[in-house]
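S.K.: with the input below, show me the fold.
(one chain, ligands or ions: 1)
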Amino acid sequence: MNYDQIFDSAIDRLHEEGRYRVFIDIMRNKGSYPNARCFHGHNGPKPITVWCSNDYLCMGQHDVVIGAMEEALHDVGAGSGGTRNIGGNTHFHVELEKELAELHGKEGALLFTSGYVSNDATLSTLAKLLPGCVIFSDELNHASMIAGIRNSGCEKRVFRHNDVAHLEELLAAEDPETPKLIAFESVYSMEGDVAPIHAFCDLAEKYNALTYIDEVHAVGMYGDHGGGISERDNAAHRIDIIEGTLGKAFGVMGGYITASTKVIDCIRSYAPGFIFTTSLSPVLVAGVLASVKHLKSSNVERNAQQQAAATLKLKFAEAGLPVMDSVTHIVPLMVGDPARAKKISDILLAEYGVYVQPINYPTVPRGTERLRFTPGPHHTEEMMTELTEALVEIWDRLDIELAEAA
Ligand code: PMP
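M.R.: Below you'll find the model as predicted:
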C-alpha cells in the first residue's frame, strides 16, 4: 500500500476537475471594511475589496461588539476554562442563551462552538431520542444538517427543494404513528431563495411532525429584531427548533438552537457535540451578546445591507450579467463551470483588487458553479459600478455571452 500515492491521486482529481481549493490570505482592516489587505501571491500586502464575506452587516467590526470583547478580555481573560458542565459556564453564556431564547420567542436556548456543530449535534441527538424517527430533508440542506441526519442513524427522505407537494407526498406515505422531523433552511445561502415556512408548518401539523429550521443566513438579517425569516413571517411559534449561527450577521463565532425547555434539556444532556467540548470563549460570547442586543433594536445595518444588495442586483441585471433570481441579501452570478468560475475570480483579484471566492461542487451541484457576492452596508455605489464594469470586461475577454440588458 502506497499511502502517498493515494493522497496524491485524491488531490490530482481535484486539480483535474478545476476545484482544488485555494485559500486567499487576507487581513480585514478594522474601520475601513470592505477594504482589506491581500497577502496572496504578492511580495507585500495589496489593497483589495472583499465581496464574499458572511459578516453580512459588518458587526465583526462594530465598535459596540469590539468594545464588549475588549472589556470581557480585560475582566475575565481569554478562555472559558472548560466544558459547560465543568467550569466553563460563564455568566456571559447564561445571559446570551436568555437573549437568544427571547429573540426567537422560545423557552430556552443552547450555545455550541459553531453553527455546524449545532446542526450536527442537535439533529443526531434529537432523532436518536425518537425511536424509528424518519427525517424529511430538503435536497439543498447544508452539509452540517446532512451530517447530523446521517449520524442519527435514522431513515431519511429527501424532498425536492422548497417543494411543498413533494414533501406532502413523502409524509403521507409514512405510518401516522412514525415519529417525523422536517428539516429545512430559511434562506438558502447559495441560491438566495426562501423556504415556504408556513406551508411546511401546515404539513407538520397535519402529519404530526416536528419542525427544525436552519436560520443561519437569516438571523440578524430579517425581522424587526433580527429573529430571522421566522420572525419576519410571524412563524417562529410554529417551529419546534430554530438553529442559528453567531458567525455571520452577528459577526463573531458560535452556533445555537432555541426550542422548548424540554428539547433544550434533552440536547444539553445527551448531545456529545455539546457535552464533551470546551465552551466558547467568554470574550466571543460577550461580543455576540452585544451584537445580538444591538441588532435587536437597530434596523440601520439591515436596511443599508438590503439597499446595497438591491442596487448590486440591479446593476448586474442591467449589464446583462447572469444574476440569479435571489429574493434575499445574497447576489449569486451563475457561471456553470468550475474552471471558468476560478478563472474569473483569479482575474478579479489579480487585476481589479476584487476578492470573491468561486463556489464549486460539493458546495453547489456540478454544472452550477457560481460567484456569490454579499454586499454589506459599507459597499458604496461607486464600488458596485466598478465591480460591474470589471465583470463585463472579463465576460467579454473570456468570450462569455451577456444577456440582453434587463
Ligand atoms: N448552516 C448553513 C446553512 C450554513 O451555510 C453554514 C455555514 N456556512 C452552517 C450551517 C454552519 O455555520 P457555522 O459557520 O457557524 O459553522
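S.K.: other residues contacting the longest helix along the chain?
M.R.: Assignment by DSSP state H gives helix 300-318 as the longest helix of the chain. Helix 300-318 is contacted from outside by 56-59, 220-222, 226, 295, 323, 326, 328-331, 333, 373, 375-379, 381, 384-385, 387-388, 391, 405-406, using Cβ atoms under 8 Å, 6 or more residues apart in numbering. Yep, even glycine has a C-beta here, placed from its N, CA and C like the rest.
S.K.: filter these down to the ones in helices?
M.R.: Using DSSP H to define helices, the subset of the contacts of helix 300-318 located there is 295, 381, 384-385, 387-388, 391.
S.K.: what sits against Ala290?
M.R.: Contacts for Ala290 (Cβ under 8 Å, 6+ apart) come out as 64-65, 67-69.
S.K.: ok, the residues you listed vs the ligand, which is closest?
M.R.: Val65 (16.2 Å; Cβ to the nearest ligand atom).
S.K.: checking my notes, the closest one in a strand, right?
M.R.: No - Val65: not assigned to a strand; according to DSSP: H, G, I helix; E, B strand; the rest coil it is helix.
S.K.: number of residues surrounding it?
M.R.: With neighbours defined by other Cβ atoms under 10 Å, the count for Val65 comes to 23.
S.K.: with Leu314 instead?
M.R.: Leu314: 14 neighbours (other Cβ under 10 Å).
S.K.: got the residues of the stretch 201-350 of the chain near the ligand?
M.R.: 214, 216-217, 245, 247, 255 (Cβ under 6 Å from any ligand atom).
S.K.: among those residues, which lie within strands?
M.R.: Secondary structure from DSSP state E places 214, 245, 255 of those in strands.
S.K.: where's the closest residue to Ser260 other than its chain neighbours relative to Ala121, distance?
M.R.: Nearest residue to Ser260, sequence neighbours excluded (Cβ to Cβ, 6 or more residues apart in numbering): Glu107, at 5.1 Å. For Glu107, the distance to Ala121 equals 19 Å [Cβ to Cβ, to the nearest Å].
S.K.: likewise Asp233?
M.R.: Here Asp233 is placed at a distance of 27 Å from Ala121 (Cβ to Cβ).
S.K.: which one of the two has more residues nearby?
M.R.: Ala121 (27 against 18).
S.K.: next, the more buried one: secondary structure please.
M.R.: For Ala121, the assignment made with three-state DSSP gives helix.
S.K.: hang on, it packs against Arg268?
M.R.: No - contact criterion Cβ atoms under 8 Å: Ala121 and Arg268 do not qualify, at 10.3 Å.
S.K.: can you list residues touching both of these two?
M.R.: Phe274.
S.K.: and the pLDDT at the residue of the chain found nearest the ligand?
M.R.: At 2.4 Å from the ligand, Gly115 is the closest residue in the chain, using Cβ to the nearest ligand atom. Gly115 carries a pLDDT value of 98.
S.K.: how about Val364?
M.R.: At Val364, the model reports a pLDDT of 92.
S.K.: in space, what's closest to it - neighbours in sequence excluded?
M.R.: Met190 (5.1 Å).
S.K.: what's around the one you found, how many residues?
M.R.: 19.
S.K.: which residues are in contact with it?
M.R.: 140, 330, 332, 359, 363-364, 370, 372.
S.K.: now do 10 Å
M.R.: By Cβ atoms under 10 Å, 6 or more residues apart in numbering, the contact list for Met190 reads 140, 142, 217, 324, 326, 330, 332, 359, 363-365, 368, 370, 372.
S.K.: one step back: buried ones in the longest helix of the chain, by neighbour count?
M.R.: Under the neighbour-count criterion of 16 or more other Cβ atoms under 10 Å, helix 300-318 has 301-302, 304-306, 308-309, 311-313, 315-316 buried.
S.K.: any chance of those residues in CSV, plus pLDDT?
M.R.: Below are these laid out as CSV (pLDDT from 0 to 100):
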residue, pLDDT
Glu301, 97
Arg302, 97
Ala304, 97
Gln305, 97
Gln306, 97
Ala308, 97
Ala309, 97
Thr311, 98
Leu312, 98
Lys313, 97
Lys315, 97
Phe316, 97
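S.K.: switch these over to JSON lines; also include distance to Ala165.
M.R.: What follows is the buried residues of helix 300-318, written out as JSON lines (distance: Cβ to Cβ, whole Å):
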{"residue": "Glu301", "distance to Ala165": "37"}
{"residue": "Arg302", "distance to Ala165": "33"}
{"residue": "Ala304", "distance to Ala165": "38"}
{"residue": "Gln305", "distance to Ala165": "33"}
{"residue": "Gln306", "distance to Ala165": "31"}
{"residue": "Ala308", "distance to Ala165": "35"}
{"residue": "Ala309", "distance to Ala165": "30"}
{"residue": "Thr311", "distance to Ala165": "36"}
{"residue": "Leu312", "distance to Ala165": "33"}
{"residue": "Lys313", "distance to Ala165": "29"}
{"residue": "Lys315", "distance to Ala165": "36"}
{"residue": "Phe316", "distance to Ala165": "32"}
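S.K.: closest to Ser9 among the residues you listed?
M.R.: Phe316 (39.0 Å; Cβ to Cβ).
S.K.: ok, now how distant is the closest one from Val323?
M.R.: 4 Å.
S.K.: by neighbour count, which of the residues of the stretch 201-350 of the chain next to the ligand wins?
M.R.: Asp214 (32 neighbours).
S.K.: tell me the predicted confidence for it.
M.R.: Taking Asp214 on its own, its pLDDT is 98.
S.K.: with adjacent residues omitted, what lies nearest to it?
M.R.: Closest to Asp214 by Cβ to Cβ, 6+ apart is Glu185, at 4.3 Å.
S.K.: got the domain boundaries for the protein?
M.R.: If you go by the TED database, the domain ranges for the chain are 3-60+299-398, 63-297.
S.K.: worst average pLDDT in these?
M.R.: For the domains of the chain, mean pLDDT drops lowest on domain 3-60+299-398, to a mean of 94.
S.K.: just the terminal-to-terminal distance for that one.
M.R.: 39 Å (Cα to Cα, to the nearest Å).
S.K.: sounds good, over and out.
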